[in-house]
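*Asks:* Structure, please.
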Amino acid sequence: MTVLRVILIVMVGALAFAGVVDSGPGADRLAAPASSAEAASNRWVMNTERGFYFLWPSPADLPELGALVFTPQHTDSFAPQMQPEALKIPLGRLTQFSYHDQNGYAWFPWNEFVAFNNAEVAAGRPSMLITAGGQPVVAFVDEQNGPRQAVNVGDDRFIDFWIDDYVRRRLLANPSTGEPYPYENIWIGIDNAIFMQSIFEPSTGWDAPFPQSEEEYRESVMYFFRRVKELAPDIHIIANSGSLADESTFTEVWADIDGLMAEGFPQADLTVGYRKADSLKVLRRLIWFGEQGRVTLVRSLIPMDNRVEDHVRNAYMAYLIGRGDNSFFGPHAGVTPNALPEAYYAEMKHALGWHTGPAEEIQPNVWTRPHEGGLVFLNWSDGPVTLPVPGAYADRNGVPVTEIIIPVNSGDYVTLIRPRDLP
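*Replies:* The predicted model follows:
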């Protein structure tokens, strides 16, 4: 868990408990915002792109948010003030748990699970906690809420427990009363969606009947999501983008996952090779999810330095290239729990409007995409590119152009020249 996330979890939780976020029955609720540019015919989520991922929501923010990710203990703090069609996303986990989660942010019923697992072992059935040489297989050993023990996600007993005891009784219901929450559109967030053996210690030599290879582990994850869809089609899952041992299997592994969250996209410094590679990977995932009409939620961390305008433009262009009809955008103001004010990108949003076609990779790692009000470009290649601009367009300074130069690791746009814009 990053230092930023720890700070955000603590601060957002403190706000809820302190009453800064008004969750009472008399809390005022504003009308759902509308924007003609966002009213895409295929959009079925709330008609606003504003979505927060562990951002600091104020009472004024909540009625206007289309999606909010929060710690599961705070559903009653935030959901009452959100619109019915907004996505309320308590962030849980899937592949590894620890005793910290009994009351920690994942809020997994660890004690109940261990008791259930011990009873199964005593009855002569295999453990659902993965072992190697009889010893626990663990992950995140050095983190504050670690180590976490790997669970066998492909075991039908665990799948039933995850659905009934974790999701239905903890994430979708008030645990103090056992009554289901009255709020619509609660989706289940999955953090640490790193679906590969190599994050665990040890990563090989697991005892039978546990997965014996990356391929078998990947198949167990795919089986989990497929069975959840079959057993509980009312449960909608949105997972945080995490690593795979083989990225070419992404569309298979994520075939039954309803939504994708991109945390810290794009990475701020794309001159660092691994950061650029990760941003390219996530962008291609966002494009694919968007093409499927599924939900995506992008959180960008915007450095608040003397190049803030460039950072905002580059992040927003990357979001627009990967945006689907059901996407949300929630940039941070630096490494803080505060949302970047929409004023930083409102002019671009107004000028460009909604996308009118798919993103096209016109050169390796160079994309363009048509919008109602112009063309969007993104250059994540290894050098600057000069691209033709067909038709009547102006650059962001209002100067008519027939080509545009996009620096390396940058995004830019041109806008349509309409008759009213002519001298």
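
*Asks:* make it CA atoms for all contacts and neighbour counts henceforth
*Replies:* OK.

*Asks:* which residue ranges form the helices in the stretch 1-150 of the chain?
*Replies:* Along the stretch 1-150 of the chain, the segments classed as helices by DSSP state H, counting those that start in this stretch run 3-18, 75-78, 110-122.

*Asks:* Quickly, which of the ones you listed bottoms out on average pLDDT?
*Replies:* Mean pLDDT is lowest for helix 3-18 out of those, coming in at a mean of 48.

*Asks:* if I've got this straight, residue 402 is in a strand?
*Replies:* Yes: counting by DSSP: H, G, I helix; E, B strand; the rest coil, residue 402 is located in a strand.

*Asks:* mind listing what it touches?
*Replies:* 388-393 (Cα atoms under 8 Å, 6 or more residues apart in numbering).

*Asks:* Could I get the buried residue list for the strand ranked longest in the chain?
*Replies:* For the chain, the longest strand by residue count, based on DSSP state E, is strand 385-394. By neighbour count on 16 or more other Cα atoms under 10 Å, the buried set for strand 385-394 is 385, 389, 393-394.

*Asks:* partners of it in the sheet?
*Replies:* strand 400-406 (antiparallel), strand 410-416 (antiparallel) (DSSP bridges).

*Asks:* Report the rounded mean pLDDT for that strand.
*Replies:* 96.

*Asks:* How far does it sit from its chain's centre?
*Replies:* 33 Å (Cα atoms, centre = their mean, to the nearest Å).

*Asks:* Please write out the alpha-carbon positions of it in PDB.
*Replies:* Taking Å, rounded to 0.1, in the frame of the first residue of the first chain, the C-alpha atoms of strand 385-394 are listed here in PDB:
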ATOM      1  CA  VAL A 385       6.000  13.700 -34.000                       C
ATOM      2  CA  THR A 386       4.600  16.000 -36.700                       C
ATOM      3  CA  LEU A 387       1.100  15.000 -37.700                       C
ATOM      4  CA  PRO A 388      -1.100  16.300 -40.500                       C
ATOM      5  CA  VAL A 389      -4.400  18.000 -39.500                       C
ATOM      6  CA  PRO A 390      -6.900  17.600 -42.300                       C
ATOM      7  CA  GLY A 391      -9.700  20.000 -42.400                       C
ATOM      8  CA  ALA A 392     -10.400  23.400 -40.800                       C
ATOM      9  CA  TYR A 393      -8.800  23.300 -37.300                       C
ATOM     10  CA  ALA A 394      -7.000  25.600 -35.000                       C
END
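
*Asks:* Please, which helix or strand holds the residue nearest to residue 324 when sequence neighbours are not counted?
*Replies:* Distances taken as Cα to Cα, 6 or more residues apart in numbering put residue 290 closest to residue 324, at 3.7 Å, once the chain neighbours are dropped. Per DSSP states H and E, residue 290 falls inside helix 273-291.

*Asks:* Partner strands of the next helix or strand after that helix and their direction?
*Replies:* Once helix 273-291 ends, the next helix or strand along the chain (criterion: DSSP H and E) is strand 295-299. Applying DSSP bridges, strand 295-299 is found paired with strand 259-263 (parallel), strand 326-329 (parallel).

*Asks:* Next, the angle helix 273-291 makes with the first one.
*Replies:* With axes from the mean of the first three to the mean of the last three Cα atoms, to 10 degrees defining the directions, strand 259-263 sits at 150 degrees from helix 273-291.

*Asks:* So what's the gap between strand 259-263 and the chain middle?
*Replies:* 2 Å.

*Asks:* Now tell me which helix or strand of the chain has the poorest mean pLDDT.
*Replies:* Counting by mean pLDDT, DSSP states H and E, the chain has its least confident helix or strand at helix 3-18, which shows a mean of 48.

*Asks:* in this protein, which residue is closest to the centre?
*Replies:* When the chain is reduced to its mean C-alpha position, the closest residue under Cα atoms, centre = their mean turns out to be residue 261, at 1.1 Å.

*Asks:* I'd say that residue and residue 294 touch.
*Replies:* No: assessed by Cα atoms under 8 Å, residue 261 is found out of contact with residue 294, at 11.1 Å.

*Asks:* quick one, what contacts residue 199?
*Replies:* Counting by Cα under 8 Å, 6+ apart, residue 199 makes contact with residue 139.

*Asks:* Begin at 20, not 1, for the rest of this chat.
*Replies:* Done: numbering now begins at 20, and the last item shifts to residue 218.

*Asks:* how close does it sit to residue 98?
*Replies:* 34 Å (Cα to Cα, to the nearest Å).

*Asks:* go on, residue 216?
*Replies:* For residue 216 relative to residue 98 (Cα to Cα), the value is 36 Å.

*Asks:* Can you name the residues bridging to the closest residue to residue 116 other than its chain neighbours?
*Replies:* Ranked by Cα to Cα, 6+ apart and with sequence neighbours excluded, the top spatial neighbour of residue 116 is residue 167, at 4.8 Å. In this entry, residue 167 is beta-bridged to residue 158, by DSSP bridges.

*Asks:* Wait, residue 167 touches residue 113, no?
*Replies:* No: look at residue 167 against residue 113 with Cα under 8 Å: they stay out of range, at 11.1 Å.

*Asks:* residues in contact with the residue nearest to the centre of the chain?
*Replies:* Taking Cα under 8 Å, 6+ apart as the contact definition, residue 280 lies against 257-260, 315-318.

*Asks:* Bridged to it, which residues?
*Replies:* Beta-bridge partners, per DSSP bridges, of residue 280: residue 259, residue 316.

*Asks:* measure the nearest residue to residue 89 once chain neighbours are set aside to residue 399 for me?
*Replies:* When the adjacent residues along the chain are set aside, residue 89 lies closest to residue 109, with 5.1 Å between them (Cα to Cα, 6+ apart). When distance is defined by Cα to Cα, residue 109 is 33 Å away from residue 399.

*Asks:* neighbours around residue 363, how many?
*Replies:* Using other Cα atoms under 10 Å, residue 363 has 13 neighbouring residues.

*Asks:* I meant to write residue 402 there.
*Replies:* 10.

*Asks:* Hmm, residue 424 and it touching each other?
*Replies:* No: counting by Cα under 8 Å, residue 402 does not reach residue 424; the two are 10.7 Å apart.
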